[in-house]
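> sequence first, predicted model second:
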Amino acid sequence: MATTKKTTAKAAATKEAAPEKETAVKAAAKTEKAEAPKAAAKKAPAKKAPAKKAAPKKVAPKKPAAAKAVETKVNFFVEFGGVQVSIDEVVSNVKATYGKDAKEIAVYLKPEESKAYFVADGEEKEMDVFFC
């Protein structure tokens, strides 16, 4: 009976090892199947398309007029009593009356009084405007 116990212990050990071997074999087979397409893809030489020459880039010609804002010349006149005065003339007279360069000038023209009131760099002054 001692021999039977040995054989049964061996058989039991073999039976336990057999399912482990089967699962290991099945797992290895699955990984081989999964890796097979990847390996085939790696081994297959990739067909290269013929090299194309890069087409030269098309550059639109620069339009200097479009890049810069168009400066519009404005002729502005004030008319009172049938006589007109150019605003450019009034502004040049204001600058002459102020006597020095100003960073900012605000002009208030009152034709009914024939006067121009102005503020140049914070200083208030007035001058006569002649409607001729």
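Received it, and whenever you're ready, just let me know what you need.
> which non-adjacent residue is nearest A120?
Using CB to CB, 6 or more residues apart in numbering and skipping residues adjacent in sequence, the residue nearest A120 is A102, 4.1 Å away. Yep, even glycine has a C-beta here, placed from its N, CA and C like the rest.
> hmm, I typed the wrong one, I wanted V94.
F118 (4.9 Å).
> just list whatever residues bridge to Y108.
Y117 (DSSP bridges).
> and it, what pLDDT?
Note on Y108: pLDDT of 94.
> which stretches of this protein form strands?
Secondary structure of the chain (DSSP state E): strands at 77-80, 83-86, 105-110, 115-120, 123-128.
> quick one, which of the ones you listed gets closest to K57.
Across the strands of the chain, K57 has its closest neighbour in strand 105-110 (49.9 Å, CB to CB).
> show me what that closest one is packed against.
Packing partners of strand 105-110 (3 or more CB pairs under 8 Å, 6 or more residues apart in numbering; DSSP states H and E): helix 87-98, strand 115-120.
> want to throw those into TSV with mean neighbour count and mean pLDDT?
As requested, these are exported to TSV (neighbours: other CB atoms under 10 Å; pLDDT from 0 to 100):
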stretch	mean neighbour count	mean pLDDT
helix 87-98	15	91
strand 115-120	18	93
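> for these, could you give me JSON lines that also reports distance to G81?
Formatted as JSON lines, the helices and strands packed on strand 105-110 follow (distance: least, CB to CB, whole Å):
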{"stretch": "helix 87-98", "distance to G81": "16"}
{"stretch": "strand 115-120", "distance to G81": "14"}
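> closest one to T72 among the ones you listed?
T72 lies closest to helix 87-98 among the helices and strands packed on strand 105-110, at 14.3 Å (CB to CB).
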